[in-house]
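Peer 1: predicted model follows, preceded by the sequence.
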There are 6 protein chains.
Amino acid sequence: MAKKMMVLPLFFAFSFLAASLSDALVQDFCVADLKSPDTPSGFPCKKASLVTEKDFVYSGLGVAGNTSNLIKAAVTPAFTAQFPGVNGLGISLARLDIAVGGVIPMHTHPAGSEILLVVEGTICAGFVSSANTVYFKTLNKGDIMVFPQGLLHFQINSGKNTALGFVSFSSPNPGLQILDFALFGNELPTDIVAKTTFLDAVTIKKLKGVLGGSG
Amino acid sequence: MAKKMMVLPLFFAFSFLAASLSDALVQDFCVADLKSPDTPSGFPCKKASLVTEKDFVYSGLGVAGNTSNLIKAAVTPAFTAQFPGVNGLGISLARLDIAVGGVIPMHTHPAGSEILLVVEGTICAGFVSSANTVYFKTLNKGDIMVFPQGLLHFQINSGKNTALGFVSFSSPNPGLQILDFALFGNELPTDIVAKTTFLDAVTIKKLKGVLGGSG
Amino acid sequence: MAKKMMVLPLFFAFSFLAASLSDALVQDFCVADLKSPDTPSGFPCKKASLVTEKDFVYSGLGVAGNTSNLIKAAVTPAFTAQFPGVNGLGISLARLDIAVGGVIPMHTHPAGSEILLVVEGTICAGFVSSANTVYFKTLNKGDIMVFPQGLLHFQINSGKNTALGFVSFSSPNPGLQILDFALFGNELPTDIVAKTTFLDAVTIKKLKGVLGGSG
Amino acid sequence: MAKKMMVLPLFFAFSFLAASLSDALVQDFCVADLKSPDTPSGFPCKKASLVTEKDFVYSGLGVAGNTSNLIKAAVTPAFTAQFPGVNGLGISLARLDIAVGGVIPMHTHPAGSEILLVVEGTICAGFVSSANTVYFKTLNKGDIMVFPQGLLHFQINSGKNTALGFVSFSSPNPGLQILDFALFGNELPTDIVAKTTFLDAVTIKKLKGVLGGSG
Amino acid sequence: MAKKMMVLPLFFAFSFLAASLSDALVQDFCVADLKSPDTPSGFPCKKASLVTEKDFVYSGLGVAGNTSNLIKAAVTPAFTAQFPGVNGLGISLARLDIAVGGVIPMHTHPAGSEILLVVEGTICAGFVSSANTVYFKTLNKGDIMVFPQGLLHFQINSGKNTALGFVSFSSPNPGLQILDFALFGNELPTDIVAKTTFLDAVTIKKLKGVLGGSG
Amino acid sequence: MAKKMMVLPLFFAFSFLAASLSDALVQDFCVADLKSPDTPSGFPCKKASLVTEKDFVYSGLGVAGNTSNLIKAAVTPAFTAQFPGVNGLGISLARLDIAVGGVIPMHTHPAGSEILLVVEGTICAGFVSSANTVYFKTLNKGDIMVFPQGLLHFQINSGKNTALGFVSFSSPNPGLQILDFALFGNELPTDIVAKTTFLDAVTIKKLKGVLGGSG
């Protein structure tokens, strides 16, 4: 009895404490409202009352990407656009499937550093620094490698089986600039590409043809 | 007369300088428009032309919180929700009233470091580091203590009179997670609480009863 | 023929890779939509599909400011308001035209550090640190000088010809607080100015008259 | 021959460009020199000339942690201390091994948000917000869940087989505060724990005994 | 008995978990080692094993500053230099004592926003925005006012009793540039001050005499 | 006489105010001590007492770079390494000299956004976004163009006279990764370059020969 009497006032006590904060707008998280315009810090937040546990979970990385293509590889991102729960939280993930002989071509992430975790197979991965030094190594299952922000890097399946990796980024929206697409997959004129890369026009036009570029 | 003639051109000179900047959108501050959705960096700004000195002043901390409760304490925040003028400015305040025997229970601020200033009375305050080291000390009037971001900490009135403190935060919206509420004040199932805290079910259910939790 | 066959699958391969990313919302940049309300991190972004190369180019600094005024100087900014392409990118520019005998009066930028580049003429520039130490020097064509964020600084044409400079800022919206305007160009009461600056009322009222202030 | 002549000047051209930058100190990365004292932004950098590809690769997560213990779980971190290559890059990883019936007890990371990736098995994971709302869900292989910075969260093996997970953090040094250790694994006096958690002294002393605490 | 047996394995279990983290360098905080050179993010950290609770507590604000001077006011800071525990934590405090008729002269903090809390007396406080708008108000006991980073502001005792205030900053080292010292308390030549402030040489020289300046 | 008496106490008053702050370590700036190891936030600071106005001024951009080379261009940086005064201030500059027919080849700055200012001549400049969209435009004297962080971009002299530009960066150490050097100027094996860029081995080996690469 005495216990119960003690219990109720305790409840009220905490209630009061909570009440004094009850009109506080809490921003532990900011699930992206993708229909609103983006801002430099990320998307506006979905109304807190509409947020559920589903907003913090994503199952899209559980499915292997289709590697039946020439690069024999696929990247499946869980960035803000696919996984709005990471908005504003400084982190995101992606899945890499690389079949035998497959490759994730030379690319950069303008807005984030990356850690690759090899879950299956063998991957030869590397990056080039601003000082033009190359750092590359063959990674086995369980190995991790970090790629500093904004530097050119690549991943190649160097083993005899399909490789599976997961990459983490220090940004919910790290960006992805694939070198060949940037150079050959758009309307950047051939003579500009030639002047700025020292590649010859024939090579450029051939790759433009392959990658859907024009000009 | 000559003076006045000099005066006018000077005026025009400055006017010109100002005019060349007159269409600049200045963002010295960003008083929160709480009706708009939040963003990861804070709320959109109230229109500058509607901002007055009242937006930068808040009187809510001038009133003692009601400590007639079991914890004999009250927290009165001046975060973005109560004081929209701090939006985007990286700082906020709160008032602590702790009656004799009162306590601010173990809690964290996920998004900000804190400095406690003791204005009246005696407060025993402390925090626990990630290395599980405890740092606690009895503070007297005029003493300040800093609590690093995200760590569990507490404040206890250890004197014979009411204690009054003010806490500053390195964020306009530092958040507040009170341990007992987090564990016992919601529908988190008893068996999950038990498994993850090593408390027994009886203790958990009792506190859930007290704190309004279920499950 | 074989080549063409190889080409098409390669195209498909890359297409697939791209497709797997095709619904990603990319935020390499965030051209300001100036009609939307600002946020602490800058303006919401213009829809990416509407962005063109024109959004990243600004020609307003190509025209000399009008220095036919008493300070014989003009500041032409390319901040977010004039050049929305810099929104969220942490950088902006401005042009300084200073005629013979002209001066950019003592001022601060509350939100950014600055580098001055002298393109024509001779400029005596300096700043005062929090420790009240003065750092000033005469700069010639090609010299650059850095002014740390928030400190009072000035630029004076100390040569015999018009001076032209460009200033870069570490913020797309660094702000500009011109000392004389802040003190004398508004309704701040004379007695408050006197008390807080140790200037006498006569001096203050004279400058208020010149600069359009009242009170 | 003509080609070779062209080749050499091209080489010189680039050499010149490089030379003009050759004395630039490049900081693409900052591999931690763990023997030097830490700073608020991380450890001082290892001399660039001593950095090799080994500094960017870590194999410590390839080995399962020993789960032959009562919680039947183990956390293996790859933070700055274990993997100095992540210093300053805003990201790190850890491995979770949770045997059948195992649990990662309630804890927080004061300095980083987290994404859990389930690689094997079934994990029931959740967190509590500042508003005391619980978000928890059963995750299967391939699922990911995000835990916002500083909030209490847990992971439980809710399946019939060993679970393997990898967690990514938005910080190279996110910290880890395990609730039970913070409360019961140190010399924080029992009466302070009791006052600030509403647990009774018997429960506290029992857990202190278990967890090595005193007082 | 069984209980005790259960207890020990539990202890070992946690020990293991802890052991797997035991070599982690934790950086919950970074108490400044003031003897080492500063860095852009703050001072290097004091060795964790030497840190005690005293590093997080400061009593220097408990003593009233000496206001027996012409401005009848004193500022007592608890910045990194006085209170090394705030290093890297984004927050600091200072005490304001303002006797009747006293004033904290016009000044800026280049590196932090500020909140003033009035603990005793009546203070007229205000700031000027980049748009030259003045925001000022008379504050009574318990009122708080926020001053955005880098803007000129002031505090005047406008009551009939001594005023006591505490100011919080969004930086452990916000800086302090007092306008009159910056203009008149150093060797900045009179003609430069005149040109850049529109004050006359007589006024400048008089204040230089008062404030210890030369030139 | 009375004036003098008033003057002295005023001096003392301010002195006192200053004295109460005299032991504050002020960090308005942090001139790099390049002999100490770098940190993630920049170099440790040169002792304040040794800093002079020369630390904030740099004349190295006043001299045209030597464009007598095949690319007919030169980049002259004023990053932390050349101009230690910008350390920690979030900004730096570089000079571009591009002779007729010259080009700054495709490159990225991993750690900063850039604004190009054309001071003389005509420059065709552009960048490619993560979405592979090309934004390029011919810029005339006085035009500025912004290049978002981490994206591939280039500058070509498209006029009939030497072009002179200055580029500003949102970082004191933005980095510079020149595509051709990264791909062909090091020991990255030809087969890896081939696999990750879709260039053929003959092209790669030719460019490796030109650019000093091997493998």
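Peer 2: Now that the structure is in, tell me what you want to look at.

Peer 1: hang on, isn't A:F166 packed against A:D97?
Peer 2: No - between A:F166 and A:D97 there is no contact under C-beta atoms under 8 Å: 10.4 Å. C-beta coordinates here come from the backbone N, C-alpha and C atoms, glycine included.

Peer 1: report pLDDT for the closest residue in space to A:H109 that isn't next to it in sequence.
Peer 2: For A:H109, ignoring the flanking residues on the chain, the nearest one in space by C-beta to C-beta, 6 or more residues apart in numbering or on different chains is A:P174 at 4.0 Å. Here, the pLDDT recorded for A:P174 equals 96.

Peer 1: isn't A:P174 right up against A:H107?
Peer 2: No - with contact defined as C-beta under 8 Å, A:P174 does not reach A:H107; the gap is 10.9 Å.

Peer 1: more neighbours: which of those two?
Peer 2: A:P174 (27 against 22; other C-beta atoms under 10 Å in any protein chain shown).

Peer 1: pull the contacting residues for that one.
Peer 2: A:79, A:92, A:109-112, A:114 (C-beta atoms under 8 Å, 6 or more residues apart in numbering or on different chains).

Peer 1: now it: how far from E:D33?
Peer 2: Here A:P174 is placed at a distance of 35 Å from E:D33 (C-beta to C-beta, to the nearest Å).

Peer 1: what does A:R95 give?
Peer 2: Note on A:R95: its distance to E:D33, by C-beta to C-beta, is 44 Å.

Peer 1: A:L207: which element?
Peer 2: Using DSSP states H and E, A:L207 sits within helix A:201-211.

Peer 1: point out where chain A drops to low pLDDT.
Peer 2: Applying pLDDT under 70 to chain A flags the ranges A:1-26.

Peer 1: quick check: residues of it near chain C?
Peer 2: Within reach of chain C by C-beta under 8 Å from any C-beta of the partner chain, chain A has these residues: A:34, A:36-41, A:65-66, A:69-77, A:79-82, A:110-111, A:173, A:175-176, A:178, A:180-181, A:185, A:206, A:209-212.

Peer 1: residues touching the residue nearest to A:L96 when sequence neighbours are not counted, list them.
Peer 2: The spatially closest residue to A:L96, leaving aside those adjacent along the chain, is A:G165, at 4.1 Å (C-beta to C-beta, 6+ apart). Residues in contact with A:G165, defined by C-beta under 8 Å, 6+ apart, are A:95-96, A:98, A:116-119, A:123, A:155.

Peer 1: show me where chain A has strands.
Peer 2: Secondary structure of chain A, counting by DSSP state E: strands at A:57-58, A:73-78, A:92-98, A:103-108, A:114-120, A:123-128, A:134-139, A:144-147, A:153-157, A:163-169, A:177-178.

Peer 1: hey, which of these is tucked in deepest?
Peer 2: Comparing the strands of chain A by mean neighbour count (mean count of other C-beta atoms under 10 Å in any protein chain shown), strand A:144-147 ranks first with a mean of 28.

Peer 1: same for that strand, what does it pack against?
Peer 2: For strand A:144-147, the helices and strands in contact under the criterion 3 or more C-beta pairs under 8 Å, 6 or more residues apart in numbering or on different chains; DSSP states H and E are strand A:114-120, strand A:123-128, strand D:57-58.

Peer 1: how's chain A carved up into domains?
Peer 2: Chain A breaks down by automatic domain parsing into domains covering A:65-175, A:177-215.

Peer 1: mind checking the ones you listed for the one nearest to B:K160?
Peer 2: Nearest to B:K160, of all the domains of chain A, is domain A:65-175, at 45.6 Å by C-beta to C-beta.

Peer 1: ends of that closest one, how far apart?
Peer 2: For domain A:65-175, the first-to-last residue distance is 19 Å (C-alpha to C-alpha, to the nearest Å).

Peer 1: please compute how far it lies from its chain's middle.
Peer 2: Relative to its parent chain, domain A:65-175 has a centroid offset of 9 Å by C-alpha atoms, centre = their mean, to the nearest Å.

Peer 1: go on, stretch A:39-54?
Peer 2: With C-alpha atoms, centre = their mean, you get 19 Å for stretch A:39-54.

Peer 1: and the residue nearest to A:P40 when sequence neighbours are not counted, what does it touch?
Peer 2: Nearest residue to A:P40, sequence neighbours excluded (C-beta to C-beta, 6+ apart): C:G88, at 3.0 Å. Each residue near C:G88 by C-beta under 8 Å, 6+ apart is listed here: A:39-40, C:29-30, C:32, C:41-42, C:45, C:172.

Peer 1: restricted to helices, list the residues you listed.
Peer 2: When DSSP state H defines the helices, the subset of the contacts of C:G88 inside them is empty.

Peer 1: gap between the residue nearest to A:P40 and chain D?
Peer 2: Computed as C-beta to the nearest C-beta, to the nearest Å, the C:G88 to chain D distance reads 18 Å.

Peer 1: for C:E53, see how far away that residue is.
Peer 2: 18 Å.

Peer 1: with A:G212 instead?
Peer 2: Distance, A:G212 to C:E53, using C-beta to C-beta: 20 Å.

Peer 1: likewise for A:G165?
Peer 2: For A:G165, the distance to C:E53 - C-beta to C-beta - is 36 Å.

Peer 1: do A:S59 as well
Peer 2: Counting by C-beta to C-beta, the gap from A:S59 to C:E53 is 39 Å.

Peer 1: one more: A:K206?
Peer 2: 27 Å.

Peer 1: re the thing from before, any chance of JSON lines for the helices and strands packed on strand A:144-147, columns distance to chain E?
Peer 2: As requested, the helices and strands packed on strand A:144-147 are exported to JSON lines (distance: least, C-beta to the nearest C-beta, whole Å):
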{"stretch": "strand A:114-120", "distance to chain E": "17"}
{"stretch": "strand A:123-128", "distance to chain E": "25"}
{"stretch": "strand D:57-58", "distance to chain E": "14"}
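
Peer 1: nearest to E:N161, of those?
Peer 2: Across the helices and strands packed on strand A:144-147, E:N161 has its closest neighbour in strand A:114-120 (60.2 Å, C-beta to C-beta).

Peer 1: how about that closest one, does it reach chain F?
Peer 2: No - using C-beta under 8 Å from any C-beta, strand A:114-120 never reaches chain F; the gap is at least 12.4 Å.

Peer 1: so which other helices or strands are in contact with that strand?
Peer 2: Judged by 3+ C-beta pairs under 8 Å, 6+ apart, the packing partners of strand A:114-120 are strand A:144-147, strand A:163-169, strand D:92-98.
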